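> Structure of the sequence below:
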Amino acid sequence: MVIIPGVFRMSDAFFVIFPLFVLTMPRTFSRYKEESMLVISFCLLLLLSCVIGHFSYGQSYTEGLLSVRRSFFWLSFFIIIPLLRDIRDVEKLIKLLTLLVWLYVVALIITKFAPGLGLIHYPKNLYDPFGGMIRFGEYRLFFPYGNMTIMFFFLVLASFIRGETTSWHLAFMVSAAYAIIASLTRGMIFPWLLGTGCAFIFGGSRTVRVIAIVCVILLLTVQVMSGALSGHGMSFIEESSLGKTVLRGGTLGKEAGRMLQARMYLNKFLGSPLAGVGKFAIGKYSKIDDQGGEGTLMAYKKFGIFAGSDLGYLKILAEQGLLGIGWIIWWYSYFWRRLKQTLAKAKALGNIPQVVALCYGIACFTIYLLISGITLPHWVHPNHLTVLPLMLSVMAVVRVRVDELASAARAAAANSLPA
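Numbers count the residues shown, from 1 in each chain. You can find the predicted model right below:
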């Protein structure tokens, strides 16, 4: 949303808000050290990529900063944390944001069927019969900030599986699932399906796991038998958006542009493996609205790179080198360690089932990130990374609070022992 064209954008309001929370940063850092270091270290990598980009492409440092400025949304961690004092605050925030995300998703779905209502501002050629967003004969849902919806889907699903069953949960999950499937984005749908399967297998009771496994086996058996007997599977499966994506995904043309970007990023990484080649940001070459992509072509001819956003890990590898990949490994190791520790302590305490559900939800979303990160630039693109500081903030508050409760329980047990 451009407020003053060429001067100020709504998204840049973050940089007006952030200074109000600077004084709380030392307290946040002292209480949530590892999480704070994750955020600060990635922001330092962004600054370093601007320096390297200056030497790699002859662009000014200011151009580099302007191009990555919205990636500094990572610093919203230091805004969210002071607003969350306890697990109850986390629960309230999740309920509020789930409602807002649901309203947003409903608006996106309505826009898909009635784009003329003006509920959502979208590219003019998106729902055009001659546009490029048609796949399998239907329009792909315009689904920006899809990661936000997917994270809350997993949080609600985990609560649902753990026994918190309400009509509100069902309405949200159905709407979110439809939006994810209607996007017809394979890099999003397949990891989401895997994360959903993990939620049922690992997050529920033994009965839930057995029912989920039996349903999947029965569905696959009927589909295979139907295909063997009639030459094609069940029509209601094959003609659904999910069925088309899963069963007919191989009929789509090869992603030539993505393959080109993969080769481009690997070549750049081999030229500067430690810290990468930096962020390419020269405006006159990287305009995305050039007719025929002339800006992109000029950039590729001159520098062998352009501002691609169709790959995740390889983009980090090229722009930030082994330092960037090392940070990604740290991110996943953090969630693996902290989720495992927090889940064990929460189960031992026994009186905070909401934390158990929360941990399972975050774990499933982490699985989604791990797989979808191959093609989606979660870490640097504002469309994707916005939810990550929120995810980290929720994990930090829950982790520390559960540690405190566990320490208090141990102290109480020690005091109760006879002298």
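
> check which helix or strand covers the residue nearest the centre of the chain.
Among the residues of the chain, residue 147 comes closest to the average C-alpha position under C-alpha atoms, centre = their mean, at 3.8 Å. With elements delineated by DSSP states H and E, residue 147 resides in helix 146-161, which encompasses its position.

> And that helix, what does it pack against?
Packed against helix 146-161 by the contact rule (3 or more C-beta pairs under 8 Å, 6 or more residues apart in numbering; DSSP states H and E) you find helix 87-113, helix 167-182, helix 186-203, helix 353-372, helix 387-416. For the C-beta atoms, the positions are set from N, CA and C on the backbone; glycine is no exception.

> Now render those as CSV, adding mean pLDDT, distance to residue 307 and mean neighbour count.
Supplementary listing: those in CSV, determined by pLDDT from 0 to 100; distance: least, C-beta to C-beta, whole Å; neighbours: other C-beta atoms under 10 Å:
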stretch, mean pLDDT, distance to residue 307, mean neighbour count
helix 87-113, 92, 26, 16
helix 167-182, 87, 27, 17
helix 186-203, 82, 19, 19
helix 353-372, 91, 20, 23
helix 387-416, 88, 21, 17
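
> Just list the residues touching residue 370, thanks.
Residues touching residue 370, when contacts are defined by C-beta atoms under 8 Å, 6 or more residues apart in numbering, comprise 191, 332.

> how does it look with 7 Å?
Contacts for residue 370 were tallied using C-beta atoms under 7 Å, 6 or more residues apart in numbering; they are residue 332.

> Could you tell me how far residue 23 is located from residue 412?
As for residue 23, its distance to residue 412 is 35 Å (criterion: C-beta to C-beta, to the nearest Å).

> whoops, I mixed them up, residue 139
Between residue 139 and residue 412 the computed distance is 59 Å (C-beta to C-beta).

> One more: residue 16?
Using C-beta to C-beta, residue 16 is found at 46 Å from residue 412.

> How about residue 370?
In terms of C-beta to C-beta, residue 370 sits 38 Å off from residue 412.

> Which strands and helices lie in contact with the longest helix along the chain?
In the chain, taking DSSP state H as the definition, the longest helix is helix 313-349. Contact here means 3 or more C-beta pairs under 7 Å, 6 or more residues apart in numbering; DSSP states H and E; on that basis helix 313-349 packs against helix 33-57, helix 256-271, helix 353-372, helix 387-416.

> what angle sits between the last one and helix 313-349?
So that's helix 387-416. Note on geometry: by axes from the mean of the first three to the mean of the last three C-alpha atoms, to 10 degrees, helix 387-416 and helix 313-349 are set 30 degrees apart in direction.

> can you check the second one too?
Between the axis of helix 256-271 and that of helix 313-349 there is an angle of 90 degrees, by the same axes, to 10 degrees.

> Go ahead and name everything in contact with helix 256-271.
Outside of helix 256-271, the residues that reach it under the criterion C-beta under 7 Å, 6+ apart are 276, 277, 304, 305, 308, 310, 311, 314, 315, 317, 318, 321.

> Which residue, other than its chain neighbours, is closest to residue 101?
When the adjacent residues along the chain are set aside, residue 101 lies closest to residue 152, with 5.1 Å between them (C-beta to C-beta, 6 or more residues apart in numbering).

> residue contacts, the one you found?
With contacts taken as C-beta under 7 Å, 6+ apart, residue 152 has the following neighbours: 97, 98, 101.

> same question, residue 107
Taking C-beta under 7 Å, 6+ apart as the contact definition, residue 107 lies against 119, 120.

> and it, how far is that from residue 116?
14 Å.

> excluding its backbone neighbours, what's nearest residue 335?
Leaving out its chain neighbours, residue 335 is closest to residue 366 (C-beta to C-beta, 6+ apart), at 4.9 Å.

> Likewise for residue 372?
Leaving aside its sequence neighbours, residue 372 sits nearest to residue 191 (C-beta to C-beta, 6+ apart; 4.1 Å).

> Kindly report the same for residue 317.
Closest residue to residue 317 in three dimensions, ignoring its sequence neighbours and counting by C-beta to C-beta, 6+ apart: residue 269, at 4.8 Å.

> With residue 11 as the reference, measure out to residue 186.
To residue 11, residue 186 is 28 Å away according to C-beta to C-beta.

> Kindly report the same for residue 408.
According to C-beta to C-beta, residue 408 and residue 11 sit 42 Å apart.

> Would you mind splitting the chain into its domains for me?
Here the chain is described, according to automatic domain parsing, as comprising the domains 1-83+262-412, 94-245.

> Could you tell me the least trusted of the ones you listed?
Sorting these by mean pLDDT places domain 94-245 lowest, at a mean of 74.

> distance of the residue nearest to residue 55 when sequence neighbours are not counted from residue 72?
Counting by C-beta to C-beta, 6+ apart, the nearest residue to residue 55 once its immediate chain neighbours are dropped is residue 278, at 7.5 Å. To residue 72, residue 278 is 16 Å away according to C-beta to C-beta.

> between these two, who's got more neighbours?
Under the criterion of other C-beta atoms under 10 Å, the comparison of residue 278 against residue 72 puts residue 278 first, with 26 against 19.

> That one reaches residue 56, doesn't it?
Yes. Counting by C-beta atoms under 7 Å, a contact exists between residue 278 and residue 56, whose distance comes to 5.0 Å.

> ok so, going back, report the separation between the residue nearest to residue 335 and residue 409.
27 Å.

> now swap in residue 259 and tell me
When residue 259 is compared with residue 409 (using C-beta to C-beta), they lie 55 Å apart.

> and residue 51, what does it touch?
Going by C-beta under 7 Å, 6+ apart, residue 51 touches residue 61.

> right, and the residue nearest to the centre of the chain touches residue 390 too?
No. Contact between residue 147 and residue 390 fails when scored by C-beta under 7 Å: they sit 10.1 Å apart.

> The residue nearest to residue 317 and residue 399, how far apart?
According to C-beta to C-beta, residue 269 stands 34 Å off from residue 399.

> Residue 84 too?
As for residue 84, its distance to residue 399 is 12 Å (criterion: C-beta to C-beta).

> Determine how far the last residue of stretch 142-149 lies from the first.
Its start and end residues considered, stretch 142-149 measures 13 Å (C-alpha to C-alpha, to the nearest Å).

> Give the closest residue to residue 24 in space, chain neighbours not counted.
residue 82 (4.6 Å).

> Would you confirm that that neighbour contacts residue 25?
No. Between residue 82 and residue 25 there is no contact under C-beta under 7 Å: 9.2 Å.
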